[in-house]
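Q: Have a look at this prediction, sequence included:
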Amino acid sequence: MSPPTTELVSADTFRWFMSIFTGLASTWALFDIVYIIRLVRRRADTNDPLIRDKYFGYAMGIAIGLLGFAGILRYNDVL
């Protein structure tokens with residue numbers, strides 16, 4: 001009989017939970033890609049500070065999402 005552990009879940013369960021949770025959160029980058037494409041297509045005025053803030057915010061969302069996906073792949077030894 002094995003000794004009792006203080007872990008709530010196994011290491012595999014934790015790995016899957018974190019991968020799924022981070023993967024779902026990182027899909028927000030897809031929305032940011034759509035939003036930035038819409039800004040480019042309508043030729044928004046880049047002299048307007050609000051439009052520049054949108055570009056910056058969407059670019060940061062895309063970067064964070066890509067880092068999340070890369071993190072998932074590294075965490076699961078794919079990369």
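A: Yep, it's here.

Q: I'd like the distance from stretch 25-33 to the chain centre, please.
A: 6 Å (CA atoms, centre = their mean, to the nearest Å).

Q: Averaged pLDDT, that stretch. What do you get?
A: With pLDDT averaged residue by residue, stretch 25-33 scores 90.

Q: for stretch 67-79, same thing?
A: 87.

Q: now stretch 9-22
A: Across stretch 9-22, the average pLDDT comes to 88.

Q: List the neighbours of it that are in contact with it.
A: Here stretch 9-22 makes contact (CB atoms under 8 Å, 6 or more residues apart in numbering) with Gly68, Gly71, Ile72, Tyr75, Asn76. Glycine gets a C-beta too; all of them are placed from N, C-alpha and C.

Q: Surely the third one touches Ser26?
A: Just to be clear, that refers to Ile72. Yes - Ile72 is within contact range of Ser26, at 7.3 Å (criterion: CB atoms under 8 Å).

Q: Quick one: residues contacting Asp45.
A: By CB under 8 Å, 6+ apart, the contact set of Asp45 is Ile51.

Q: So it: helix, strand or coil?
A: When classified by DSSP: H, G, I helix; E, B strand; the rest coil, Asp45 comes out as coil.

Q: re the thing from before, which ones among the contacts of stretch 9-22 are found in strands?
A: Using DSSP state E, no member of the contacts of stretch 9-22 falls in strands.

Q: just the buried members of those?
A: By neighbour count, with 16 or more other CB atoms under 10 Å, those hold Gly68, Gly71, Ile72 as buried.

Q: how far away is the first one from Val78?
A: Taking CB to CB, to the nearest Å as the measure, Gly68 and Val78 are separated by 14 Å.

Q: do the last one as well
A: Per CB to CB, Ile72 is found 8 Å from Val78.

Q: what number of residues lie near Ser26?
A: Look at Ser26: counted by other CB atoms under 10 Å, it has 19 neighbours.
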